[in-house]
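K.L.:
Need coordinates for the below:
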Amino acid sequence: MIWGINATCLDPKDNTTTFPAYCWGSWCQCKPRGTPRDQLVNQVFKTNMEASLQAQGSALKAALAAQGLPVIPILGYLDHMSPQQYFEGQNALREDPALAVHLARLSSPPLNGAVINCMATTASGRGSCCEQGSEFSIYNFGNPATVQYYAERVIVPLIEGPGLDGTFLDSIDWALTFGCGREPGNWTCTAEEKEGLVAGSLAALDAALGAAALRGKLLSVSAHVDLRENTDYYLAQLALIARHGNAWRFYEGFSVGAAQMATYLFEAQGLNVSGNASVPDPSNYSVPVMMHFYDPPVYAPDWVQLAAFLIGANEFSYFSYSAGWGFGDFPLFPEFFRPLGRPLGPPTVHATPAGPPLPPWAPLPALNMVSSLPPAPGANASNAVFLGRVATPGACAALAEALSGATAFTHTLEASAWDETCYARVDDVPARCFTAPAPGPPCFSAAGAGHSSGAAQVLPAATETVYAREFERLGVVLTQRPDGAWNATLAWR
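P.N.:
Next up, the predicted model:
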């Protein structure tokens, strides 16, 4: 899977003179890196990215063939939610007033009915877009005509040609997981607007998958939802990938955690991890998965990341580790060349309580129940109240217990602005938040040793969860300890 972005800019003085854009990763702009966003509004691109990516793909295939190497799938790049100015079909939305119907407008302040402006530095735009390039707005996927335009004028012109085998789709669930007020400074949506954007993103994915399948092309779908959070959206997205059969789920920066492992095993192995075991799920999914890690390999004594991947790997699973997105950022490691052999069976999962249940308000180490809720240290959120700064988890628990309506608390000890902060949850924490293995947001979140959490109800004891799988030439064991830390053993033979 390779894409290369190398856009060309036009001098706005004459719209004729060209010069190379400043590009890194999947981002291009016509002014040097570091230029403030509000100074990028007058960029003019030569909209030739479709042809450029096709040419790059053809050159790469020729180079591989000349060296007698297998030709791997070569994909282009698209941001699924935001039009990018250096693609012809996307830039047309910006240039042609008749096409403005395909750009999202939001009625909530501060937009008040205006089109989202991704280049703005105010709350109306900054941070509101995927920010994977010089986008200028958000697709109005709540409009069926926009979905059709996206498939016919954006997807097809990019992939229809011999140079590319398909395209990468970035952040298809942006409106659900990051937009619509989920992050500080993002634009806000009414419930109806959010529903339209969220449902429309699935409709657009469906249309893109269908258009690609008709042409024998592939899609790599980068998503951030999982089985435990935004479950309905996740299942709908997974069903589309499975039904069309021409895409894989891409995990960018996979983080080994209980929720992530449950999601991975569900979609790659058709297993439902619940309580202290894993059982076959009637859906029986086995979709292709591309698992990517940013973190450096952890030898403890072996790779936690590689072990996590192998626990759930199916015939169409792929692993990658990188420090960035350039050609030199994907190193090869000795393990990549070792014979693995066939899997001798499905993975197994067993969780064992590490002690008796915890009484109400007892601190549970290495868990965070309010992560991502308050926008800043000391600030409140709709379902999380700042109780002050105290030195110990016990003192925080006492403050939460004294607060009417509190359902849980989190105390933080770390060398940051969050040090000694005490928060209480004041919403109805779902019952699933207290089942093992502990799920992710909005329940327990991955946390460091300095976090402690408790709840107004009896909590099950921390557990040690062991994932295991046997291959002909390798035994894999991945363990989450009661303190939340992970370790792994890769026993090659």
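
K.L.:
what bits of the stretch 101-250 of the chain have low per-residue confidence?
P.N.:
Within the stretch 101-250 of the chain, the stretches with pLDDT under 70 are 119-135, 178-179, 181-187.

K.L.:
could you pull out the strands for it?
P.N.:
Along the stretch 101-250 of the chain, the stretches classed as strands by DSSP state E, counting those that start in this stretch are 166-170, 218-222, 247-251.

K.L.:
Can you show me the CA trace of the helix or strand that comes right after the last one as CSV?
P.N.:
In this case it means strand 247-251. Beyond strand 247-251 on the C-terminal side, the first helix or strand identified by DSSP states H and E is helix 258-269. Coordinates of each C-alpha in helix 258-269 appear next as CSV, following Å, rounded to 0.1, in the frame of the first residue of the first chain:
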residue,chain,number,x,y,z
ALA,A,258,-8.9,-4.6,26.0
ALA,A,259,-11.4,-2.8,23.8
GLN,A,260,-9.1,-2.8,20.8
MET,A,261,-8.4,-6.5,21.2
ALA,A,262,-12.0,-7.4,21.5
THR,A,263,-12.8,-5.4,18.3
TYR,A,264,-9.9,-7.0,16.4
LEU,A,265,-10.9,-10.6,17.4
PHE,A,266,-14.5,-9.9,16.5
GLU,A,267,-13.8,-8.7,13.0
ALA,A,268,-10.8,-10.8,12.1
GLN,A,269,-11.8,-14.1,13.9
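
K.L.:
next structured bit after helix 258-269?
P.N.:
strand 271-274.

K.L.:
Neighbouring strands - and their directions - for that following strand?
P.N.:
strand 277-280 (antiparallel) (DSSP bridges).

K.L.:
quick one: average pLDDT of the strand it pairs with?
P.N.:
Average pLDDT, strand 277-280: 63.

K.L.:
Quick one: mean pLDDT over the longest strand that the chain contains.
P.N.:
Taking DSSP state E as the criterion, the chain has its longest strand at strand 463-471. Strand 463-471 shows a mean pLDDT of 92.

K.L.:
What pairs with the helix or strand that that strand is followed by, parallel or antiparallel?
P.N.:
Later in the chain than strand 463-471, the nearest helix or strand by DSSP H and E is strand 474-480. Sheet pairing here is set by DSSP bridges, and for strand 474-480 it gives strand 463-471 (antiparallel), strand 486-492 (antiparallel).

K.L.:
Of those, which is nearest residue 254?
P.N.:
Among the strands paired with strand 474-480, the nearest to residue 254 by C-beta to C-beta is strand 486-492 (12.4 Å). In short, each C-beta sits where N, CA and C put it, glycine included.

K.L.:
Contacts for the closest one, please.
P.N.:
For strand 486-492, contacts defined as C-beta atoms under 8 Å, 6 or more residues apart in numbering pick out 256, 300-304, 306-308, 310, 335, 338, 473-481.

K.L.:
now do stretch 236-248
P.N.:
If you take C-beta under 8 Å, 6+ apart as the criterion, stretch 236-248 is touched by 166, 172-173, 202, 205-206, 209-210, 212-213, 217-221, 223, 225, 249, 267, 285, 287-290, 316, 318.

K.L.:
What count of nearby residues applies to the closest residue to residue 343 other than its chain neighbours?
P.N.:
Leaving out its chain neighbours, the residue that sits closest to residue 343 by C-beta to C-beta, 6 or more residues apart in numbering is residue 471, at 5.4 Å. Using other C-beta atoms under 10 Å, residue 471 has 18 other residues around it.

K.L.:
for residue 471, what are its contacts?
P.N.:
Neighbour list for residue 471: 310, 340-344 [criterion: C-beta under 8 Å, 6+ apart].
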